[in-house]
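Novice: give the three-dimensional model of this entry:
(one chain, ligands or ions: 1)
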Amino acid sequence: MKNMTGLSIKTEQGQLYILDQTLLPHQQRWLHCQQVEQMVVMIQQLQVRGAPAIGIAASLLLAYRAGQGDSRAQLLCSAEVLRASRPTAVNLMNNLDAMVATLQQSDYVSAAVACAEQLFAEDVQLCLQMAEHGAALVQPGERLLTHCNTGGLATAGVGTALGVVRLAQQQGKGIKVWVDETRPLLQGGRLTAWECEQLGIPYQLICDNMAAMLMARGEVDRIFVGSDRIAANGDFANKVGTYNLAVLAHYHQIPFYVVAPHTTVDPSCSDGSQIPIEQRPAAEVRGVRGSFGQVYWAPEQAPVFNPAFDVTPAKLVTGWVLDSGVLDQVAVAAGALTRLTVS
Ligand SMILES: CSC[C@H]1O[C@H](OP(=O)(O)O)[C@H](O)[C@@H]1O
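Specialist: Below you'll find the model as predicted:
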């Protein structure tokens, strides 16, 4: 496996390393990953996270295991275990499907490695294409708003929605970003804020419940969010709280875009009701866990509802920013998502 370097995933001398995103922004610790069970835990604990990133990390781990001499049967079983680690991000499923297909080849070891390397390289390119199409929408001086983390940490490249913001900044458009902290796991406050610091992107961190006031005051010009799965009709799943933003944006007539590679579209889901939504542990809502341990602010046995994602209906989306271009509601309603071609 060749050396490849992303912000949260890297391979060096045939070994796979994952940046532990649960320790950011205060610690940068690379974890050496060699076992399937280890990768499952890392995905489930969001040490590696983001729809494209978990698909690539799982694929690279399978390629590594193939190189370690695991049999086809072992690799097929490992793929199913990895597939079950998180149910919503379709990139994980698509990538594992591609990896499983390579196992049919006589020299499945080199085929698996080549496939994983290709998935990594493809995502890097798709991110650049999404950024180009999305940044072209951004006008000078605009105040953008993002949710969760959709940057280099969540992909192998520059990111999806945050990749758009990053390029708009590089193009000298003088933007600023409102960064939703994104409860309960604070991917915005911990990860997007950290990425903006690294990239020199002007930002202000807000609690999720402050976005409405900023929109009402006319201080949000455009919203870009990512996605974990897009249904054929354009409905999409993304980090919980995205639907809130979409409804608010519709009410305040603010352009609202979802940014995702074509690999996030799932034609087998006809609409958003068919997208599986991951339910997560109650402790994540009752308090916070860090290097200091677990702090509870709610009663320790408080009953909790903790969906990791929500679904935004297509009717609330201004445009779908894909690697192949920007689709509007007319194109999506005409079935464009199911006829995607890679540009
Ligand atoms: C590149 S978009 C990543 C997508 O994944 C995030 O979810 P999680 O942090 O649970 O992996 C969030 O939904 C982002 O939009």
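Novice: okay, now the closest residue to the ligand within the chain: neighbour count?
Specialist: Per CB to the nearest ligand atom, the residue of the chain with the smallest distance to the ligand is residue 226, at 2.8 Å. Glycine gets a C-beta too; all of them are placed from N, C-alpha and C. As a burial measure, residue 226 scores 30 neighbours (other CB atoms under 10 Å).
Novice: which residue is the nearest non-sequential neighbour of it?
Specialist: In space, not counting the residues next to it along the chain, residue 226 is nearest to residue 150; the distance is 3.6 Å by CB to CB, 6 or more residues apart in numbering.
Novice: who's in contact with the one you found?
Specialist: Going by CB atoms under 8 Å, 6 or more residues apart in numbering, residue 150 touches 50, 159-163, 192, 224-226, 259.
Novice: taking these one by one, which sit in helices?
Specialist: The subset of the contacts of residue 150 located in helices under the criterion DSSP state H comprises 161-163.
Novice: let me have those in TSV, extended by neighbour count and distance to residue 252.
Specialist: Rendered in TSV, the data for the ones in helices among the contacts of residue 150 read as follows (neighbours: other CB atoms under 10 Å; distance: CB to CB, whole Å):
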residue	neighbour count	distance to residue 252
161	31	19
162	33	22
163	29	25
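Novice: distance to residue 120 and pLDDT added to the residues you listed, as CSV?
Specialist: Converted to CSV, the ones in helices among the contacts of residue 150 look like this (distance: CB to CB, whole Å; pLDDT from 0 to 100):
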residue, distance to residue 120, pLDDT
161, 20, 98
162, 19, 98
163, 16, 98
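Novice: which of those sits closest to residue 305?
Specialist: residue 161 (25.7 Å; CB to CB).
Novice: okay, the closest one and residue 98: tell me how far apart.
Specialist: 24 Å (CB to CB, to the nearest Å).
Novice: also residue 232?
Specialist: With the distance defined as CB to CB, residue 232 ends up 20 Å from residue 98.
Novice: quick check: closest non-adjacent residue to the residue nearest in space to the middle of the chain.
Specialist: With distances taken as CA atoms, centre = their mean, the chain has residue 50 as the residue nearest its mean C-alpha position (3.1 Å). Once flanking residues are discounted, residue 50 sits nearest to residue 154: 2.4 Å by CB to CB, 6+ apart.
Novice: same question for residue 142.
Specialist: Excluding the flanking residues, the one nearest residue 142 by CB to CB, 6+ apart is residue 221, at 4.1 Å.
Novice: which parts of the protein sit against the ligand?
Specialist: Among all residues of the chain, those adjacent to the ligand (criterion: CB under 6 Å from any ligand atom) are 46, 49-52, 148, 150, 154-155, 160, 187, 226, 228, 238-239, 308.
Novice: circling back: looks like the residue of the chain closest to the ligand contacts residue 155 (just checking).
Specialist: No: checked against CB atoms under 8 Å, the pair residue 226 and residue 155 is beyond contact range at 9.1 Å.
Novice: intersection of neighbour lists for these two?
Specialist: residue 50.
Novice: which residue is most remote from the mean position of the protein?
Specialist: Centroid-distance maximum for the chain: residue 106 at 33.6 Å, with CA atoms, centre = their mean.
Novice: where's the helix or strand where residue 122 lies relative to the chain centroid, distance-wise?
Specialist: Applying DSSP states H and E as the criterion places residue 122 in helix 108-135. Per CA atoms, centre = their mean, to the nearest Å, the displacement of helix 108-135 from the mean C-alpha position of its chain is 14 Å.
Novice: who are the packing partners of it?
Specialist: Helix 108-135 makes packing contacts with strand 4-5, helix 51-67, helix 72-83, helix 90-102, helix 161-170, strand 256-259, strand 319-322, strand 325-327 when contacts are defined by 3 or more CB pairs under 8 Å, 6 or more residues apart in numbering; DSSP states H and E.
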